[in-house]
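[1] Fold the following.
(2 chains)
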Amino acid sequence: MTDELEPYYEALLFIAERPLETAELAELAGVPRVQAEGALSSLAERLAEDGRGLRIQQHDGAWQLVTAPEVGARLATYAAREEARLSPAALEALAVVAYRQPCTRGDVERVRGVDSDYVIRSLLHRRLIVEVGRRDTPGRPVLFGTSFTFLERFGLTSIEDLPPLSSDAAQLTALAPAADGE
Amino acid sequence: MTHPEGMEPIPVEADASVALPVGDGAFTLALPAFEGPLQLLLHLIESRQLDILTVPLADVADAYVEHLARHPVDAANLSEFVAIAAQLILLKSRRMLPAEPLPPVPDGVDEPDEDELRRRLVEYRALRDAATALGERDGAAPAIRREPREADLPEVPAEPLPAIVLAAALETLAAIPEPAPPPPEIVVREVTIGQQISVLREALSGGGRVLLQTILARCRSRTEAAVTFLATLELVRRRQVSAEQGELFGPITIEAVAEPGA
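    Reported below is the predicted structural model:
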């Protein structure tokens, strides 16, 4: 059964029209969640290692099959995706959300030092970020995280795939931990 | 923007590498528009190739205030720019009075401190660089998912409608009252004396004698009857007919007068 799980999931994610949750995938195959996760991770690794044209994207407990970033640029002629470019301000806010998620608009504004209401809304509108909950602090501010759309657009298999931040930041964060709270 | 009181450019320190004047009259620097104070501060440090981890931030206070004074910033973020300016001036003033011991900061007071500002700068720089890197890979090598096909769309039930639904619909239609008829058209029915003379002549052409009442009985309105009566009087005046009434409200006999030459 385990041997059949990987091709089954590969095929299932191929025909699925939306990202499938781990729980769904486990139930569909009639296996425990851990086993489903193991098969999906191993499938993801195998696709990447073999340099295949497809990759598994994982985000927020869901999985989907996408084209490999390596072939993404060459697919453009067929897929013809014309995305409006993001402004530097929008990219900056998106970077804060991507690296600090889940985070609030206040977090973004603290890092950038400027009001970020408009850029946050534009990122929400483009579905690059989504609301993922609320922080349990006074005012219960909305928490934002990145979406599958974000991973797709930037050719990432998961948010762990993001390039690490420059090391200075780590040094300094260790030196003086960030004040928390809104 | 003019120099606010007390914010006249402070004389530049001896360290010339730090104090590169911004916007010196000799040449004009085409600086990007700074959206935020951290962006500006970072630019001032980097353009002087100073080490962000060690440079005393007070050293860039002059350049920062100078820039703020010369280049108007977006009013929406002005307070953030000014807040950082105040922080820098405080740092600088502390350095100028090194002997003065600082009073202890009471608990709960948010005293801006150089390490905190530096930490913010470093964090901002890391994320700004990450944003630049993201921008470079934006759409360059996307991971494309399968687009939903027509077959993926939820099916819409397309069964034939039961007859009862149609019957009910018909009943509903039938129950709708007919629209109220439009108000009757008011057309002035013109009756002229000339027309009624013709009518009388026609009636007299048969036997030469007619009861006026029989003609009046055919009239469709009071006006027509009155006009017919006037037509009779007109013919009497012209001496073409003679009229005779035996008693009050009795029948009126009209008789054609024989033409003199006929």
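
[2] if I look at A:Arg127, how far off is A:Gly72?
    The spacing between A:Arg127 and A:Gly72, counted by C-beta to C-beta, to the nearest Å, is 18 Å. C-betas here are computed from N, CA, C, even on glycine.

[3] Comparing the two, which shows the higher neighbour count?
    A direct count of neighbours by other C-beta atoms under 10 Å in any protein chain shown for A:Arg127 and A:Gly72 places A:Gly72 higher, at 23 against 12.

[4] got the contact list for the more buried one?
    A:Gly155, B:Ala140, B:Ala141, B:Pro142, B:Ala143, B:Ile144 (C-beta atoms under 8 Å, 6 or more residues apart in numbering or on different chains).

[5] Now the first one: which helix or strand?
    The one in question is A:Gly155. Using DSSP states H and E, A:Gly155 sits within no helix or strand.

[6] The closest residue to B:Arg209 other than its chain neighbours in helix, strand or coil?
    Of all residues not flanking B:Arg209 in the chain, B:Glu255 sits nearest, at 4.9 Å (C-beta to C-beta, 6 or more residues apart in numbering or on different chains). Here B:Glu255 is strand, with the state taken from DSSP: H, G, I helix; E, B strand; the rest coil.

[7] and B:Glu255, how far is that from B:Gly246?
    From B:Glu255 to B:Gly246 the distance is 13 Å (C-beta to C-beta).

[8] who has more neighbours, the two?
    Set side by side, B:Glu255 and B:Gly246 show more neighbours around B:Glu255, with 14 against 8, by other C-beta under 10 Å.

[9] hang on, isn't that one packed against B:Arg239?
    No - look at B:Glu255 against B:Arg239 with C-beta atoms under 8 Å: they stay out of range, at 11.9 Å.

[10] all strands of chain A, in order?
    For chain A, the strands defined by DSSP state E cover A:20-21, A:54-59, A:62-67, A:129-134, A:142-146.

[11] B:Thr228 is in contact with B:Ile215, isn't it?
    Yes - between B:Thr228 and B:Ile215 there is a contact at 6.1 Å, judged by C-beta under 8 Å.

[12] Spit out the residues that contact these two alike.
    Residues within reach of B:Thr228 and of B:Ile215 at once, by C-beta under 8 Å, 6+ apart, are B:Val199, B:Leu200.

[13] which residues of chain A score low on pLDDT?
    A:1-3, A:80-82, A:167-182 (pLDDT under 70).

[14] switch to 80 and redo it
    Residues of chain A that meet the criterion pLDDT under 80 lie in A:1-3, A:76-84, A:166-182.

[15] As a check, name the ranges of all helices in it.
    Assigned by DSSP state H, the helices in chain A fall at A:2-15, A:22-29, A:33-49, A:69-79, A:88-100, A:105-112, A:117-125, A:148-153, A:167-175.

[16] Against B:Leu173, how distant is B:Ala180?
    According to C-beta to C-beta, B:Ala180 and B:Leu173 sit 18 Å apart.

[17] got a list of what the closest residue to A:Ala36 other than its chain neighbours touches?
    Using C-beta to C-beta, 6+ apart and skipping residues adjacent in sequence, the residue nearest A:Ala36 is A:Ala26, 3.8 Å away. Residues near A:Ala26 by C-beta under 8 Å, 6+ apart: A:Pro32, A:Arg33, A:Gln35, A:Ala36, A:Glu37.

[18] Look up how far chain B lies from A:Ala26.
    If you measure A:Ala26 against chain B using C-beta to the nearest C-beta, to the nearest Å, the figure is 21 Å.

[19] now do A:Leu128
    Counting by C-beta to the nearest C-beta - A:Leu128 and chain B are separated by 10 Å.

[20] count of residues packed around B:Pro56?
    The tally of other residues near B:Pro56 (other C-beta under 10 Å) stands at 14.

[21] what do you get for the one 4 residues further on?
    Close neighbours of B:Val60, defined as other C-beta under 10 Å, add up to 26.

[22] and it, what is it in contact with?
    B:Val60 touches B:Val18, B:Leu41, B:Leu44, B:Ile45, B:Arg48, B:Leu50, B:Leu88, counting by C-beta under 8 Å, 6+ apart.

[23] Which members of these occur in helices, if any?
    Going by DSSP H, the helices hold B:Leu41, B:Leu44, B:Ile45, B:Leu88 from the contacts of B:Val60.

[24] leaving aside the residues next to it on the chain, what's closest to residue 73?
    The chain I'm using is chain A. B:Ala141 (5.0 Å).

[25] nope, chain B
    B:Val73's closest residue in space is B:Phe81 (C-beta to C-beta, 6+ apart), at 5.3 Å.

[26] now swap in A:Thr104 and tell me
    A:Pro141 is the one closest to A:Thr104 (C-beta to C-beta, 6+ apart), at 4.1 Å.

[27] From chain B, how far out is that neighbour?
    To chain B, A:Pro141 is 19 Å away according to C-beta to the nearest C-beta.

[28] For that residue, the count of nearby residues, please.
    The number of residues packed around A:Pro141, counting by other C-beta under 10 Å, is 16.

[29] So what does it look like in phi/psi?
    With angles defined as degrees, to the nearest 10, A:Pro141 sits at phi -70, psi 150.

[30] Please parse the chain into its domains.
    Here I'm looking at chain A. The record's domain split for chain A, according to automatic domain parsing, is A:2-79, A:88-175.

[31] nope, chain B
    Chain B breaks down into these domains under automatic domain parsing: B:1-98+B:111-133, B:193-256.

[32] Pull up the distance across stretch B:33-41, start to finish.
    Terminal residues of stretch B:33-41 are spaced 13 Å apart (C-alpha to C-alpha, to the nearest Å).

[33] Buried residues, it. List them.
    For stretch B:33-41, a neighbour-count test (16 or more other C-beta atoms under 10 Å in any protein chain shown) marks B:Phe34, B:Glu35, B:Gly36, B:Pro37, B:Leu38, B:Gln39, B:Leu40, B:Leu41 as buried.

[34] Which of those residues fall in helices?
    B:Pro37, B:Leu38, B:Gln39, B:Leu40, B:Leu41.

[35] Test my guess that the last one contacts B:Ile84.
    Right, B:Leu41. Yes - assessed by C-beta under 8 Å, B:Leu41 is found in contact with B:Ile84 at 6.4 Å.

[36] where does the stretch 101-250 of chain B dip in pLDDT?
    Checking the stretch 101-250 of chain B against pLDDT under 80 turns up B:101-114, B:139, B:146-161, B:179, B:181-190, B:206-208, B:248.
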